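> My questions concern the predicted model and sequence given below.
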Amino acid sequence: MSFGLLQQAVLSGITNGFVYALIGMGMAVIFKGSRIINAMQGEFAVVGALVTVFTMQALKLPYALAIVAGVLAGALCGVVIELLFVRPMTRRGASEESFLLLTIGLAFALAAAALYFGGRDSHMLPGFGGPGVLELLQATLPVHAAWLMLAAVGVVLALRLFYTRTLLGLAMTAASSDADGATATGIDVGRMRLLTFLLGGGIGSIAGILVTPLISMNYQMGIGLTLKGFAAAILGGLVNPLGSLFGGLALGLLESLAVVGFPSGYRDVVALSLLVVIMIAMPNGLLGRAGRSGG
Amino acid sequence: MPPLHRSFGLVAMLVLLALWALLPLALPRHFLDMTNFAAILGVGGLGVALLLGQCGIVNIGQAAFYGCGAYASAYCTTTLGWPAAAGIGLGALISAVLAAAIGYPILRLGGFFLALATLAVGSIAGVLFFEWDWLTGGTLGIGGIPKLSLLGWSLNTPERYHYFVWVVLALALWLAHNLVNGRPGLAMRAMRDAAPAAEVMAIDMHRLKTAMFVICAVLGSLAGSLFAHYVSFVSVQSFTVERSMLFLLVPVIAGAHSVGGVVLGALFVALVPEWLSALGDFHQVVFGLVLVLVVTLFPAGLMGLAGGLLERVGRGRSTR
């Protein structure tokens, strides 16, 4: 293994890590706001990416507008799902398993819908900043990957500011950590949960749109993205979008370095084994603060 | 109300039994293929149903054990030339040991986390089945798996397999019924509904859960062996996460609390997509939505819905 190959492995690991982090952040946002693990977060990414692809192809919209359409589509999915399914089930006091089964079922339905409307083909989007590559020491990085990293950091910072500095963000946190107390201070808990799903769906779409210039997107990619994103979120402690960033990076690096020692087919085995071990051994994630139950 | 229930149940049972016995005479082979597949799904789904209904555990990794059984049967009978029973036994043994080794640590988790851990286990198994092509044949698979035969009677047609596989499912259901209504079942009910109380009564919950996970895996492995000997060919496409989902759907659709509902759930999962397939690719969307609607509207599944209707009818009569 030469030094150059190692550098390349580290770079691609970091790139993948940011992708997992973006998916994980969406899951963390939804878990933070609703105590639901969203097993269809990867499908938000698929929807966002495919809507962007098709608005560009069919409506001939400029890239920027198509991206807006894609993000809106994901956010809309989140809102519709909250209104149609999560809200009635919450009112009934449904169990944790029912919510998991619901999101699994929705993942199934959305993947099928993506197949029906989008077809079996894989699609790619043009990279931000063109198709060029950056040369770093002895390795290369697509220009788009740099944009992806910047965007991911931007999303994390925006979320951080939103949850700690804005009244709405604070209200959303309050609504999920103590629903009765929040209601008593005049917060509409139901509306906060709706906004949570809107935000989660939007972030999921952003993740999908950012990935698609690097990895071609098709209807059945959702579940894989969900699992990796969940691993990132778990590593980061689940309630903390910033934690997802660290979790995603750790996962991405570990995966790509494992490929150095194992055949490349075992990449997922490494990542998923790590997920299981971390869940058992470090229930609060790598950062170890706040924990799964904390606000 | 009980007498009405019981006589109705007996009549229904006899009618179903007669229908089952006559089914191969009346139906085309294509349809029998699907009902045989439903029975195989039922055997594996029963394991998932026991976990979900008795322990409240969502298992999204049953295809791992289904694959273990299928590959054990395939490898032992083709490459090693062993008798079929040895392959089935070895698959069950491997699955049981694996389930104990995996279950012991992961069953400390609960709820969402446990469910995703099982999903991870299923995905890892899928990758390993693909990568270990010296054992599994990878995407090319293993062909030429011999048909089962009982006392010199080869089960080489769907009609013959029909009479075998449904009896296996019935036996498994009967054993599960006894388990659920016996001491372990009571302990599990206590564990599910009042965990602290169960612990006070000296029920070792972790051991009980691990034992149930092992039973689930053995049933999955048995289903895999039944599948391998039925279709004579196995490849990685049969042991994906989607297959694990099908096993999970069996109890979800029919209602996890009734062991008998497994039959209904398995028939639903095997037949409905086939009927919907006239809609083309759109049928998967419809199937997904049906699933979502069942989860949202009928949390007790179709059996719960039927039970609720029966109760309503009964109540209506008694008030009159």
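Good, I have the coordinates. Numbering: from 1, shown residues only, chains lettered A, B, ... in the order given.

> Is residue B:118 in contact with residue B:60, as I believe?
Yes. Counting by C-beta atoms under 8 Å, residue B:60 is a contact partner of residue B:118 at 5.0 Å. Bear in mind the C-beta positions are built from the backbone N, C-alpha and C, glycine included.

> tally of neighbours for the closest residue to residue B:60 other than its chain neighbours?
Nearest residue to residue B:60 in three dimensions, chain neighbours excluded: residue B:119, at 4.1 Å (C-beta to C-beta, 6 or more residues apart in numbering or on different chains). Residues within reach of residue B:119, counting by other C-beta atoms under 10 Å in any protein chain shown, total 27.

> Quick check: residue B:119 touching residue A:227?
Yes. Between residue B:119 and residue A:227 there is a contact under C-beta under 8 Å: 6.7 Å.

> any idea how far residue A:218 is from residue A:232?
Using C-beta to C-beta, to the nearest Å, we find residue A:218 at a distance of 22 Å from residue A:232.

> Looking at these two, which is more packed in?
residue A:232 (34 against 19).

> Quick check: nearest residue in space to the more buried one, chain neighbours excluded?
residue A:24 (3.3 Å).

> Contact residues of the stretch 101-250 of chain B facing chain A?
When proximity is defined as C-beta under 8 Å from any C-beta of the partner chain, the stretch 101-250 of chain B approaches chain A at B:105-106, B:108-109, B:111-113, B:115-117, B:119-121, B:123-124, B:127-128, B:130-131, B:241, B:245, B:248.

> Make a PyMOL selection of whichever of those turn out to be buried.
Only the buried entries of those go into this PyMOL selection, using 16 or more other C-beta atoms under 10 Å in any protein chain shown:
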select buried, chain B and resi 106+109+111+112+113+115+116+117+119+120+121+123+124+127+128+130+131+241+245+248
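
> Of the residues of the stretch 101-250 of chain B next to chain A, which belong to strands?
Among those, the subset assigned to strands under DSSP state E is empty.

> Counting neighbours, what do you get for residue A:186?
Neighbours around residue A:186, by other C-beta under 10 Å: 7.

> Around residue 54, count how many other residues there are.
I'll assume chain A. So residue A:54, with other C-beta under 10 Å, has 17 neighbours.

> actually it's chain B I care about, not the one you picked
24.

> ok, residue A:52 touching residue A:123?
No. Counting by C-beta under 8 Å, residue A:52 does not reach residue A:123; the two are 9.1 Å apart.

> and the residue of the stretch 51-200 of chain A at minimum distance from chain B, what helix or strand is that in?
In the stretch 51-200 of chain A, the residue that lies nearest chain B is residue A:109 (2.7 Å; C-beta to the nearest C-beta). Secondary structure assignment for residue A:109, by DSSP states H and E: helix A:96-118.

> cool, residue A:75 as well?
Using DSSP H and E, residue A:75 falls in helix A:63-81.

> which residues in the chain form helices?
Picked chain A for this. A:3-34, A:41-59, A:63-81, A:87-92, A:96-118, A:143-165, A:167-177, A:179-184, A:189-211, A:222-235, A:241-261, A:267-281 (DSSP state H).

> Hmm, no, I was thinking of chain B.
Going by DSSP H, chain B shows helices at B:2-26, B:29-50, B:62-78, B:84-106, B:111-131, B:133-136, B:158-181, B:183-193, B:195-200, B:205-231, B:241-254, B:261-276, B:282-297, B:301-319.

> Buried residues of the longest one, list them for me.
Buried residues in helix B:205-231, counted by 16+ other C-beta under 10 Å: B:205, B:208-231.

> Show the average pLDDT along that helix.
What helix B:205-231 shows for mean pLDDT is 93.

> Around residue B:242, how many other residues sit close by?
Residue B:242: 15 neighbours (other C-beta under 10 Å).

> Looking at chain B, which residue is nearest chain A?
Counting by C-beta to the nearest C-beta, chain B gets nearest to chain A through residue B:288 (2.7 Å).

> Tell me which of the helices of chain B sits most buried.
Across those, averaging neighbours per residue (mean count of other C-beta atoms under 10 Å in any protein chain shown) puts helix B:62-78 on top, at a mean of 29.

> between it and helix B:205-231, what angle do the directions make?
50 degrees (axes from the mean of the first three to the mean of the last three C-alpha atoms, to 10 degrees).

> Low-confidence bits of the stretch 151-295 of chain A, can you list those?
Screening the stretch 151-295 of chain A residue by residue with the criterion pLDDT under 70, one finds the ranges A:285-295.

> Now with 50, please.
Residues of the stretch 151-295 of chain A meeting the criterion pLDDT under 50: A:290-295.

> residues in it within reach of chain B, list them.
So far as C-beta under 8 Å from any C-beta goes, the stretch 151-295 of chain A lies against chain B at A:223, A:227, A:230, A:234, A:263, A:265-266, A:268-269, A:272-273, A:275-276, A:279-280.

> from what I can see residue A:202 touches residue A:74, true?
Yes. Using C-beta under 8 Å, residue A:202 is in contact with residue A:74, at 5.6 Å.

> Could you check which of those two is surrounded by more residues?
residue A:74 (31 against 25).
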